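**Q** next come a sequence and a model predicted from it.
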Amino acid sequence: MAERILDVKNLEINFHTYAGDVKAIRDVSFHLDKGETLAIVGESGSGKSVTTKSLMGLLANNAEVVGGSVMYHGQDILKKSEKEMQNIRGKDIAMIFQDPMTSLDPTMKIGQQIAEPLMKHKKMEKKKAWAQALDILKLVGIVDPEKRINEYPHQFSGGMRQRIVIAIALVCYPEILIADEPTTALDVTIQAQILDLMKELQSKIETSIIFITHDLGVVAGMANRVAVMYAGKIVEYGTVDEIFYNPQHPYTWGLLNSMPTLSSTLLEAIPGTPPDLLDPPKGDAFAARSTYAMKIDVEQEPPFFKVSDTHYAATWLLHPDAPKVTPPTEIIRRQKLFAEMSVNKSVKA
Amino acid sequence: MKINKFAKLGTVVALSSVFLVACGSKSSSTASKQVLNWNESAELPTMDLSTATDVVSFDTLNNTNEGLYRLGKDSKIEPGIATKTQVSNDGMKYTFTLRKNSKWSNGQKVTAKDFVYSWQRTVNPKTSSQYAYLFSGIANADDIMNGKKAVSTLGIKAEGNYKLVVTLDKKLPYFKLLMGFPVFFPQNEKAVKEYGSKYGTASKYMVYNGPFELTKWTGSNLSWTLKKNSDYWDKKNVKLSAINFKVNKSTTTSYNLYQSGKLDETNLSAEQAKQLSNSKQLVTRKGASTFYLQYNQTKKEYQNANIRKAISLVIDRKQFVNKVLGDGSTVAKGLASTGLAKLNGTDFADAASVKSAVATNRAEAKKLWAKGLKELGVTSLDIQLLSDDTDKAKDSTAFVQSQIEENLSGAKVSVSNVPFKTRLARSVSGDFGIVISGWGADFSDPISFLDLFTSDNSQNNGKWKNTEYDKLIEASKTTDAANTTKRWNDLVKAQKILLNDQGISPLYQQATATLVKSKVKGVIYNAAGVNYNFKDTYIAK
Amino acid sequence: MRKYLLKRVFYMVLTLFLVATITFFLMKLMPGTPYSNQEKMTPQQIQIMNEQYGLNKPIWLQYLIYLGGMLHGDLGTSFQYSNQPVSYLISSRIGASAQLGLQAMIFGVVIGIIIGSFAAINRNTWIDTLCTILSIIGKSVPNFVLAVLLQFYIALKLGWFPIADWGGFSYTVLPTIALGVGPLAETARFIRTGMVDVLNSDYIELARAKGLTKFGIVYHHALRNSLIPLVTLIGPYTVALMTGSMVIENIFSIPGIGEQFVKSITTNDYPTIMGVTMLFSAGLVVVILLTDIVYGIIDPRIRLSGNGD
Amino acid sequence: MEEKIKLNPDSFEALPKAEELDNEKIAAPSLTFVQDAWRRLKMNKGAFISLWIIVLMLIVAFGSSFFIDHDSLVKSAPNYANLPAKIPGVPINGFNGKLKVAGEWVDEYKQNNISSDKYFVLGTDYLGRSLAERIIYGTKVSLIVALVATFFDLTIGVAYGIISGWKGGRVDNVMQRIIEIISSVPSLVIVVLMLLVLKPGMTSIIAAIAISSWTTMARMIRAETLQLKSQEYVLAARSLGESAPKIAWKHLVPNLSSIIIIQTMYTIPTAIFFEAFLSFIGIGISAPETSLGVLLNDGQKNFQFLPYQMWYPAIVLCVLMIAFNLLGDGLRDAFDPKTRR
């Protein structure tokens, strides 16, 4: 069993707004093992970013952690002071942001921007820090780094900038790297390059990654495990294979169904919009958009039902009393594949 | 309370110091403190006496330079460079003997040639002196100014270095007074030539022969210092070692400075004067200037005497000077100011006053107004009231407007307060209905006022015309010039004609309220011509 | 870059030329004459005087002469000071005005930055509210009212600073404050808004994610980025200081340009009015050009994109 | 997994369609742009109070036209000159007819033998005219100057900006050069020069301020128009062949409205300040008309003795300026989509 380095339990976060409290994160629990990549998938507004920002202690002013804990090396990060958090950020837990166009300081040389964490955390002198910045620039694949280290962000393309952002995040060799939709703002061709780079660096630097995305397609190649979030809650989690080939939650079905694959030509969108978290629905938040909704879905929240040791899903459909439903054909196809895969596995075993 | 105590103490000290000075023994003990800090409300524009036009320039020239005479207290003539004056029997020729110990600050002696040079320079049209008109009466001056005769024909001749002969075209009863006015001071030819166009534009581009020397004046700065002139012939009677002048355009500022002891004198706004009317340090400088309403008689409504009289009668001048101005200004008795000239103990202003011309009688005014409107065949009248944009002028127009509109039905007054030069231009071009303007005497003689309203005078902007008035003024200058009483009577009669006809409606005789520290003694102030003479001033203590 | 500069300078000259032209003809429309004693002068004298001032020539010729003179730095002769060249009047007084303006600018900008960033860092707290109220008041109280109050209460009643006059540094304190409060309030508001924006930006979030201290973030990232746009305000500040000096110099009896300008207005001294107007315009145009150049130098985004347009 | 929850037998029946739809409603009330701005403005206490202060001042200033006219302005009563404030039933020094003279409170009304039933709420000026009346009238004049000048600023500035931005190319270039020239002379200098040429008075001041102050508005409108021009809906309107003025009116002006409103809120206090400044240096509104600037100028001359004569108009002027500035800030925040949450 791998070492568990991060353990999030029953996290609840509210945002205070003029209209009332927005319950952005509702009872979220997950963990991260050393060296693995956990993907958190969900539509925008489902609370992925809020969750990860709470790990960094970077929540907005009007956010309040109502309950839960985030255990990191046996200590609750949520209880740490700002000062203590400053020593964790960038050194132990680092983060890559979504938009490389805006996440670099336009008025500072990139060398300095990379060197900053080193000077802060490793107490390095400027010269030494810059030398190390140069190394990491090479590592992230910047051509002609000696020259470019003295340049400003606007002189770089989007992909290059994201490499720099990655360089900044990795320069202190953090234990956990949180990547918040790191490829969303990039061209598809660049996306692949960045993803490859991240995979390559992960093996070099031996970091654990929490990979946040709304794009399941990206997840497949990156993650070991996947957590699907909807309306501030995790609705299903499991290994990549379990999520991709044996999904149980209708929302996961919807996500997979709306993803292009080689075999299917028809893409199906999930109808409706996410619920308003000012006043979250009583039962299953997805019920309103689900074609499989049952009466109980609007009355009571579903608990997690165990599918396998690593796979849980919060849907009443898994209740023994629930009627058996037929998932979309694409899902049936996937589940078939999954069955074959497990047979193969057991054969190999 | 406090003020009283200090004031008493001040007098005692003052008396004793006068005593000491009178003994002529010790002045050094006070010399170290003999510095006066004086407030000015405007910059010093020039030190070239030929082109100077303003009070500050003339005042400064009067203290740094000297002519044939100095004007002492009450415009009394005191010795200057002239030690002896001979007047010919017909009064047309003056011979001055000059002192030999007067020196320019460039080391040259002051000679008769300097006077000749200075006068010729001033009347020369090329110099374009705006005060050259004062030379009118001196032989050939008018012709020279009009470019008809050569400058050298001017009636002034130097006989040797120390004798000066002046010949006149006509008798000038006030000739000696004129000699105390800086335009008639000598100028050092060498300095004028040497400095060229820079002459008189900074303290170093000027030479001095008066009690003080000008220093620290760059030509445009806001402060300068008059330093005791160690070469002055009468230096032992000059007690001040220096006078620091400081320009403060806001009386609020200058009063603050005065209160904090940075200034020994400040002029006050009307409001300040009103508030300080009980102060022991308040000194009211009565000016030789009268302010009056001048009607534009090229317009038919103002040709109507009833209208003019009605307007005049409606104004409560007493209330105006006491409550509105409150700076010590007094109700004008007539055109010529009080204290200007006396004959046998009677002031000209009293002799020539017409009570009804400056009285308030609203019932009468309404009657006359109605009559006047009827004669004009109108029921209402728009009155354009023009004046300067100074505070006093604004107060005046506001008050006159309120008095007219409140009491004369059908009168609608529109007011414009414009800068001085704009006001002048509009006066000259006749672009006004009624203008509130003032005139200050250049020298202490009623003629300085009365000359204004002869029909051919260029300054008679209202174009009031009265042949008898013209004749009387002419007579005072020619046939009656030699006879003091006759001349006096002519002038009295003339002013009465002017007032009875309301050619103008006098408002008030201007005074300037100032605060002067009680330790400052011996400041000589004259209303007409140059105002301040600091030669005898000293600080008591 | 050179081409761009040349273009700018060309437009600058063109602008000044047009300003000179317009001012010149405006002055010709003004009522009144330069002489204060016109009635007492003979026609001969007036004619000679008009010749001296060049007023007898046709207006177009006067205009050409004026323009020609201006090229040599000759702005004519003042009407109120006899024989005093306007260029001398201006040059002898520009020092005080420039010193006062510069001090007021530095005072306003520096204190404004401190207050503004303080408010932004503590936004939505009472500190922010206090700073906002102060800057609104600073923006709303006319500088001449403030000057009168400062002079009376601080100088006269408390005696902390000289009441008026122009001497050492202590003389400049009150006028500097009176003049600088406007820019101060403006700067504080500008910096606050800018810094709130910057503090909400992604790169500040990244800086926080790096684990930098609050001070480090504000000093190294937020301040830098919110200061750069401040350069664009220097032009408007210059205007505010030039015009503000007109009354402030009067109240504090400072021998400066603004004071001179007001005097020349009330004395119909056209050459001085024109001269000061030209000076103000030229100053402003140069300041705007300089701020554009400086902006290009300190903002790397503009600096390296070349033309800076 | 243990179930602590009671499950009904029918719990697992499929949900009827109607209920599904019901859940799709959005909980937060939907607001139009203006409504949203208004709500946000109301949230901003300072701005909201300012709005009411301005409304109140407008009502008082313009409502006073029925009571304070030309006659009451012109009428002087030197007997009552320079009396301090006296409010019936207020025994506080400074509001009971007493004035601090040389450190002691003196009843000026008694000293001047004024009948005890005479009250001046804010005292009187040097001609014995009620200061309260004059301040109200002065406020009106200041507001008129500001509003009318702003109106011209608005029309000229907006039209100029739209034309310049819309036409683009050479027209835009020339128009921008013109703005550059105008704004290279400090606007106060322009105003002063204009006033020297025009006859002094309210019309001239309004004209002078209007002429010099529209450039900022024009610049902002132009920049925004340039952006709007390339928006899809404008392109759509163009491709449908709508005329340029119609597009400007139907599409541009509504979208520019927030900028216009905000900029206006800042122009008004600037105009008020200009007017006060001009009156202060003595070339502003001429008697008998009065304005806050005139009153301030009159008051400051006498500040050492009758401080109330400057304080009252100064307070009114400052409150007015603060109110407009706060409202401007409030509107900017309310309209600025960036701060919409």
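**A** Here it is on my side, so go on.
**Q** next, the closest residue to D:Ser183 other than its chain neighbours: phi, psi?
**A** Excluding its sequence neighbours, the residue lying closest to D:Ser183 (Cβ to Cβ, 6 or more residues apart in numbering or on different chains) is D:Thr215, at 4.7 Å. (C-beta placed from N, C-alpha, C; glycine too.) The phi/psi pair for D:Thr215 (degrees, to the nearest 10) reads phi -60, psi -40.
**Q** tally of neighbours for D:Thr215?
**A** 21 (other Cβ atoms under 10 Å in any protein chain shown).
**Q** likewise for B:Val428?
**A** For B:Val428, using other Cβ under 10 Å, the count is 15.
**Q** shouldn't the residue nearest to D:Ser183 be in contact with D:Arg177?
**A** No - in this structure, D:Thr215 is not within contact of D:Arg177 by Cβ atoms under 8 Å, at 12.0 Å.
**Q** how near is the closest residue to chain B within the stretch 51-200 of chain D to chain C?
**A** Going by Cβ to the nearest Cβ, chain B is nearest to D:Pro78 of the stretch 51-200 of chain D, at 3.3 Å. Distance check for D:Pro78 against chain C: by Cβ to the nearest Cβ, to the nearest Å, it reads 26 Å.
**Q** I'd say that residue and B:Lys323 touch.
**A** Yes - using Cβ under 8 Å, D:Pro78 makes contact with B:Lys323 at a distance of 3.3 Å.
**Q** which neighbours do the two share?
**A** Common neighbours of D:Pro78 and B:Lys323 (criterion: Cβ atoms under 8 Å, 6 or more residues apart in numbering or on different chains): D:Gly128.
**Q** which stretches of chain D have low pLDDT?
**A** Within chain D, the segments meeting pLDDT under 70 span D:1-33, D:102, D:287, D:336-341.
**Q** what comes up buried for the lengthiest helix in it?
**A** Assignment by DSSP state H gives helix D:131-167 as the longest helix of chain D. Neighbour counts over helix D:131-167 (16 or more other Cβ atoms under 10 Å in any protein chain shown) mark D:131-150, D:152-154, D:156-158, D:160-166 as buried.
**Q** check contacts around residue 246.
**A** Since you didn't name a chain, this refers to chain A. Here A:Asn246 is in contact with A:238, A:307, A:311, A:334-335, A:338 (Cβ under 8 Å, 6+ apart).
**Q** correction: the question concerned chain C.
**A** Taking Cβ under 8 Å, 6+ apart, we find C:Met246 in contact with C:258-259, C:261-262, D:188, D:281.
**Q** would you check which pair of those residues lies furthest apart?
**A** In the contacts of C:Met246, the most distant members under the criterion Cβ to Cβ are C:Glu259 and D:Leu188, with 14.5 Å between them.
**Q** up against chain B, what does chain D have?
**A** Contact residues, chain D versus chain B (Cβ under 8 Å from any Cβ of the partner chain): D:71, D:74-76, D:78-79, D:81-82, D:126-128, D:199-200, D:282-283, D:286-288, D:300-306.
**Q** is stretch D:248-260 anywhere near chain C?
**A** No - under the criterion of Cβ under 8 Å from any Cβ, chain C is not reached by stretch D:248-260; the shortest gap measures 15.7 Å.
**Q** and that stretch, how far out from the chain middle?
**A** Distance, stretch centre to chain centre, for stretch D:248-260: 20 Å (Cα atoms, centre = their mean, to the nearest Å).
**Q** thought C:Val9 was touching C:Ile288?
**A** No - the pair C:Val9 and C:Ile288 does not pass the contact test of Cβ under 8 Å, sitting 12.0 Å apart.
**Q** these two - which one has more neighbours?
**A** Shown here are C:Val9 and C:Ile288; by other Cβ under 10 Å, C:Ile288 has more neighbours (22 against 13).
**Q** can you tell me the element the more buried one falls in?
**A** helix C:270-298 (DSSP states H and E).
**Q** which helices and strands does that helix pack with?
**A** helix C:2-29, helix C:86-121, helix C:234-251, helix C:257-266, helix C:300-303, helix D:187-197 (3 or more Cβ pairs under 8 Å, 6 or more residues apart in numbering or on different chains; DSSP states H and E).
**Q** any idea of the angle it forms with helix C:86-121?
**A** 40 degrees (axes from the mean of the first three to the mean of the last three Cα atoms, to 10 degrees).
**Q** domain map for chain A?
**A** A:4-223, A:244-348 (automatic domain parsing).
**Q** next one: the closest residue to chain A within the stretch 101-250 of chain C from chain D, what distance?
**A** Taking Cβ to the nearest Cβ, chain A has its nearest neighbour within the stretch 101-250 of chain C at C:Gly211, 3.5 Å off. When distance is defined by Cβ to the nearest Cβ, C:Gly211 is 28 Å away from chain D.
**Q** from A:Met108, how far off is that residue?
**A** 16 Å (Cβ to Cβ, to the nearest Å).
**Q** more neighbours, the two?
**A** Comparing C:Gly211 with A:Met108 by other Cβ under 10 Å, the one with more neighbours is C:Gly211, at 24 against 19.
**Q** would you agree the more buried one falls within a strand?
**A** No - counting by DSSP: H, G, I helix; E, B strand; the rest coil, C:Gly211 is not part of a strand but coil.
**Q** which stretches of chain A form strands?
**A** A:4-17, A:20-33, A:37-41, A:63-72, A:75-76, A:93-96, A:176-180, A:208-213, A:225-230, A:233-239, A:305-308, A:311-313 (DSSP state E).
**Q** for B:Asn483, which of those is the nearest?
**A** Using Cβ to Cβ, the strands of chain A put strand A:4-17 closest to B:Asn483, at 102.9 Å.
**Q** what is the neighbour count of residue 273?
**A** The chain I'm using is chain A. A:Thr273, neighbours per other Cβ under 10 Å, totals 12.
**Q** I was thinking of chain B, sorry if that wasn't clear
**A** Counted with other Cβ under 10 Å, B:Ala273 comes out at 24.
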